[in-house]
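>>> Have a look; sequence and predicted model below, questions after that.
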Amino acid sequence: MNAREDDSVRAAIAAANRKRLIVGGLLTEACVTFPVLSALKEGFEVFVVGDACGGLSLTGHDLALRRMEAAGARMTSWIQVLLEFQRDWTRHETYSGARAIVEANGGGYGMGLAYARDMIHPV
């Protein structure tokens, strides 16, 4: 339930030589919360992708997110992570992949990107 207690996970994170983690996963109440709390205690900056986690109930999920935030984790969403990595839509090497993800999963924003692609900049 706590990936931070697994030697191979700890070694992989150490090998990356990073102090910032982005975490998502199933069972927010345990398998996300426990490694996040451990990483925070070890001095990591931790971002929890709240809508890329799932709990046993909406209440349990929400309480777990609040517990991690109170401990110092920063809450974010999948679209914030994607757009932070993309930075702007002029990054051509990742544009098509990022846009496809947003079009498929981004609701109205995805519809707007599809409209811009098809109507404003037709192929």
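Good, I have the coordinates.
>>> Tell me both backbone torsions, phi and psi, for Val46.
Main-chain dihedrals, Val46, degrees, to the nearest 10: phi -120, psi 130.
>>> Domain parsing of the chain, as residue ranges.
1-76, 78-123 (automatic domain parsing).
>>> most neighbours per residue, which of those domains?
Between the domains of the chain, domain 1-76 has the highest mean count of neighbours, a mean of 16, where neighbours are mean count of other CB atoms under 10 Å. Where C-beta positions appear, they are placed from N, C-alpha and C, glycine not excepted.
>>> Can you give me the first-to-last residue distance of that one?
22 Å (CA to CA, to the nearest Å).
>>> Just give the nearest non-adjacent residue to Gly54, would you?
Nearest non-adjacent residue to Gly54, counting by CB to CB, 6 or more residues apart in numbering: Leu26, 5.1 Å away.
>>> what pLDDT does Ser119 get?
Small correction: residue 119 is Met, not Ser. pLDDT recorded at Met119 is 83.
>>> Pull up the gap between it and Arg66, please.
Met119 sits at a distance of 42 Å from Arg66 (criterion: CB to CB, to the nearest Å).
>>> Repeat that for Glu93.
With CB to CB as the criterion, Glu93 and Arg66 are 38 Å apart.
>>> Repeat that for Gly25.
17 Å.
>>> Equivalent analysis for Glu45, please.
The value you get for Glu45 to Arg66, if CB to CB is used, is 19 Å.
>>> now swap in Val48 and tell me
From Val48 to Arg66 the distance is 11 Å (CB to CB).
>>> And the strands in this structure?
Shown for the chain, the strands assigned by DSSP state E span residues 20-26, 45-54, 74-76.
>>> and the second one, average pLDDT?
Okay, so that is strand 45-54. The average pLDDT for strand 45-54 rounds to 97.
>>> With that, I have no additional questions.
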